[in-house]
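[1] okay, sequence plus prediction incoming.
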Amino acid sequence: MIIDIELGAVQERFADIVWANEPIGSGELVKICEEELNWKKSTTYTVLRKLCEKGLLQNVDGIVSSLVSREAFYSAKSEQIIEDSFQGSLPAFVAAFISRKNLTTQEADEIQKLIDASKKEGRS
């Protein structure tokens with residue numbers, strides 16, 4: 001699935017609230033955004049409308065839910081970063097990442113497990 005949805009930081013924070021609480025009534029969403037983002041009702045509905053127009057969220061009969069999962073969105077975003085910044089090279093991305101951060105043994109083991117699982121699934 002190709003996901004091409006660009007979000008600003010505010011829209012991304014709003015989407016995270018929806019993902020964490022979905023399905024959620026729009027009135028409850030307004031309350032959460034007022035508490036967490038200090039937004040007025042009109043701001044919440046404006047951002048909600050924009051994200052519905054982008055195809056990320058839906059508001060059906062006052063119930064807000066996602067059309068694209070959080071995992072799918074952030075996976076696509078990660079792929080785009082690798083494509084844009086590292087010419088699509090995952091090894092170049094990993095090399096850049098670990099050159100600035102020392103991995104713990106646990107992190108290295110987790111990454112190795114992901115690589116091994118990918119090989120077993122034939123995605124190597």
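    Cool, got the structure.
[2] check contacts around Thr43.
    By C-beta atoms under 8 Å, 6 or more residues apart in numbering, Thr43 lies in contact with 33, 37. In this view, the C-beta of every residue, glycine as well, is placed from N, C-alpha and C.
[3] scratch that, Ser66 is what I was asking about
    Ser66 sits next to 15, 18-19, 22, 56-58 when contact means C-beta under 8 Å, 6+ apart.
[4] now name the helix or strand holding the residue most central in space within the chain.
    The centroid of the chain falls nearest to Tyr74 when counting by C-alpha atoms, centre = their mean (3.3 Å). Assessed by DSSP states H and E, Tyr74 sits inside helix 70-86.
[5] list the buried ones in the worst-scoring helix or strand of the chain on mean pLDDT?
    Within the chain, no helix or strand scores below helix 90-100, which has a mean of 86 by mean pLDDT, DSSP states H and E. Buried residues in helix 90-100, counted by 16 or more other C-beta atoms under 10 Å: Phe93.
[6] what's the angle between it and helix 70-86?
    With axes from the mean of the first three to the mean of the last three C-alpha atoms, to 10 degrees applied, the angle from helix 90-100 to helix 70-86 works out at 90 degrees.
[7] return the list of helices and strands in contact with the helix holding Tyr74.
    Packed against helix 70-86 by the contact rule (3 or more C-beta pairs under 8 Å, 6 or more residues apart in numbering; DSSP states H and E) you find helix 9-21, helix 90-100.
[8] swap the cut-off to 6 Å and go again
    Other elements packing on helix 70-86 under the criterion 3 or more C-beta pairs under 6 Å, 6 or more residues apart in numbering; DSSP states H and E are helix 90-100.
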